[in-house]
Every structure is written in structure tokens, then in C-alpha cells.
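K.L.:
here is my input, please return the structure:
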Amino acid sequence: MTSADLVLPPTDQQTPTAALLQAPEDQALEQAIGDMHLLLEQHGYVIALYPSGIRPEHERRLHAIRSVLESDRIALVKVDLPPLGVAVLVRQLRQLSICDFSPGVIASAARLLSHYIYAGALLNSVAKLDRVPVGLKSHARSWVPGSQFAVLAGPEPQLIKVGPVAEPLAGPTFRTHLLVARGQLPSEWVQETLAPAWQVQAVQETGVPADSPRWWGTAKLVEFAAHLPDISVLYQLVASVRREKCHWCEMELIGDRCAFCSSPLTAPLAPSHTAAPAAPRAALESRTPSTGPLQLEAGRLSGP
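P.N.:
Coordinates of the predicted model:
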């Protein structure tokens with residue numbers, strides 16, 4: 001992981017922690033290469049998950065390390081989620097790392113699991129928000145004192161102005177826990193309105209990631225992420241997707257692209273009459289949302 005504040009506490013005694021891949025100004029390249037080599041010697045494979053908003057020089061450092069080591073056992077997985085959503089996804093992959101999945105399946109599962117994370121924030125202004133589409137009217141309302149906006153970045157972008165008659169954000173149709181990071185804004189709306197509307201099973205609190213104000217365009221925020229907390233449900237969800245083998249590096253994967261070498265599958269699968277796998281009923285009490293960037297089709301994960 002590229003930031004220590006994105007490593008959430010484990011949910012149980014079996015969930016391992018994550019290694020920190022530090023920024024260039026915090027660690028010399030030679031030491032970073034040595035640390036990565038040690039991780040490979042200890043664990044065999046490394047899955048480096050990092051947010052799409054990472055500074056360019058930090059991302060170049062990751063690619064440089066992999067290039068110097070000439071290793072096909074390092075997966076660089078860029079995730080387009082807000083900081084708290086990234087932290088949740090990192091913990092879910094840490095949970096799955098103790099299961100019987102291969103490194104290629106765990107790395108490529110990041111795309112699948114991100115579709116089941118409802119990551120958003122309560123903001124006092126959307127004037128500087130450039131990660132989610134914001135209409136001209138919402139920009140104008142940002143200048144009204146006391147205004148608050150609820151924004152969902154994924155799986156589908158949403159934005160509403162918080163008020164007594166406002167409809168809540170459309171949320172998950174399956175059982176989740178809600179992780180809340182209190183910033184410089186009261187969080188009553190999140191816990192008293194959003195959580196009941198989404199019928200979350202539990203609410204936990206954590207600190208605001210350091211990069212959240214930059215990502216959301218304001219420090220006056222409350223960030224939140226609804227997610228699947230149960231490792232057995234995560235396991236069933238990943239296991240329900242058909243596995244492939246990368247034609248280039250021969251790593252096992254789910255989806256249409258290898259997370260280790262970035263090679264796409266060369267040819268589509270033959271038509272199958274097998275019904276698409278349903279998401280685990282233990283977690284998804286009703287239909288899994290059919291919209292969004294990912295779909296389960298004929299046992300295979302597909303997306304852009």
C-alpha cells in the first residue's frame with residue numbers, strides 16, 4: 001500500500017497487515033528496491049494496490065522498482081476509488097490473501113470487489129470537486145452558507161443537496177457495514193439518515209485519510225464507505241467468477257485482463273448455456289445492482 005493511513009485495522013486475528021511502499025521523498029530508490037526484493041523473497045508475490053489520485057512521481061517509483069527487479073511477480077493495481085474506499089478494498093484483499101486463491105485471482109479481484117463498495121462523502125461544498133460530475137446548479141448552491149451535499153463516487157456517481165425533503169443516495173441492496181471517517185463537518189446526517197436508509201448492519205468509525213481533502217476538494221467533509229465485511233461472503237463472490245489463465249505470463253485471473261502483466265484475454269470464450277452465477281445470498285438479500293462498470297456474465301467478469 002502507498003499510504004499508512006489506508007491500512008485499516010484487521011477484522012480478525014487472521015487478517016494480515018499490509019506493507020508500505022513509501023513515496024520517493026521518504027525513501028531512497030535503492031532501499032525501496034531492497035524492501036520489494038525482501039517482500040518477494042518472503043511471500044513469493046506482491047500486489048501493490050494504489051489509488052488513481054497518487055502523485056505521478058510516486059506511481060513512476062512503483063513502475064521503476066518493478067522494472068529494475070525485472071519481476072513478473074509484482075502486480076501494480078490502480079484503483080479509481082476515494083481514499084476511504086481504497087482502504088476498504090485493501091482490507092478485503094488482505095482478508096482474501098489467507099484463502100486458497102492464487103495471487104493472480106486476488107489481484108484481479110480488486111475490480112470485482114470495488115463494484116460492491118459504496119464510497120462517498122458529505123461535503124460542505126462541491127465547488128472544487130472534479131472527481132464526480134457536478135452540475136452548474138450544484139456549483140451555485142455551494143456558495144449558499146450552510147449548504148451540505150451528499151456525493152457518491154462509486155459504483156455509480158450520485159450527488160444530492162442534503163435537506164429535509166431530499167431523497168437519500170441510492171445505496172446497496174445487500175447487507176453491508178458502514179465505515180465513517182469524521183472530518184471537519186458534523187456527521188449526524190450520515191449516521192442518522194444515510195445509515196438507516198441503506199439498512200446497514202453496523203457502523204464503525206475511523207480517521208480521515210490524509211489525501212481525502214484533496215480528493216473531495218474540501219477539508220469540511222465526512223467520508224463513508226459501505227462494504228461487505230464477511231470474509232466468507234467475499235470468498236463466495238470471488239469464487240463464483242470463472243477463472244482464466246493469462247496467455248502471456250500464465251497467471252490465473254478473473255475478468256478480461258491480467259493484473260500482473262496487463263495482457264488482455266486473446267479471444268472471447270465460447271458461448272455457454274450455463275446460467276450466470278448469482279452473488280452469495282448470505283450477503284445479497286436482494287438483486288445485485290445490474291448497473292455499473294462490471295457485470296457477471298456466464299460466470300465471467302467483464303468490464304471496460
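
K.L.:
the nearest residue to residue 157 once chain neighbours are set aside: what's it in contact with?
P.N.:
Excluding the flanking residues, the one nearest residue 157 by CB to CB, 6 or more residues apart in numbering is residue 132, at 4.7 Å. Just so you know, the C-beta spots here come from the backbone N, C-alpha and C atoms, and that holds for glycine as well. With contacts defined as CB atoms under 8 Å, 6 or more residues apart in numbering, residue 132 is in contact with 126, 151, 152, 153, 157, 159.

K.L.:
which of the residues you listed count as buried?
P.N.:
Buried members of the contacts of residue 132, scored by 16 or more other CB atoms under 10 Å, are 126, 151, 152, 153, 159.

K.L.:
hang on, the earlier thing: now do the same for the residue nearest to residue 157: its pLDDT.
P.N.:
Looking at residue 132, its pLDDT reads 86.

K.L.:
then residue 105?
P.N.:
pLDDT at residue 105 comes out at 97.

K.L.:
ok, it touching residue 245?
P.N.:
No: with contacts counted by CB atoms under 8 Å, residue 105 stays clear of residue 245, the gap being 10.8 Å.

K.L.:
okay, those two: which has more neighbours?
P.N.:
Taking other CB atoms under 10 Å, residue 105 and residue 245 do not tie; residue 105 has more neighbours (23 against 13).

K.L.:
what helices or strands is the helix or strand harbouring residue 93 leaning on?
P.N.:
Element membership for residue 93 (DSSP states H and E) is helix 83-96. In terms of contacts (3 or more CB pairs under 8 Å, 6 or more residues apart in numbering; DSSP states H and E), helix 83-96 is packed against strand 46-51, strand 74-79, helix 103-114, strand 118-123, strand 177-182, helix 212-216, strand 221-227, helix 231-239.

K.L.:
circling back to that earlier point, return the member of the contacts of residue 132 nearest to residue 168.
P.N.:
Each of the contacts of residue 132 was checked against residue 168 using CB to CB; the closest is residue 152, at 10.2 Å.

K.L.:
tell me the SS of that closest one?
P.N.:
Using DSSP: H, G, I helix; E, B strand; the rest coil, the structure places residue 152 in strand.

K.L.:
how about residue 132?
P.N.:
coil.

K.L.:
relative to residue 15, how far out is it?
P.N.:
Distance of residue 132 to residue 15, computed by CB to CB, to the nearest Å: 31 Å.

K.L.:
in space, what's closest to residue 37 - neighbours in sequence excluded?
P.N.:
Residue 37 sits nearest to residue 69 (CB to CB, 6+ apart), 6.3 Å away.

K.L.:
my read is that that neighbour contacts residue 33, right?
P.N.:
Yes: if you go by CB under 8 Å, residue 69 and residue 33 touch, sitting 6.6 Å apart.
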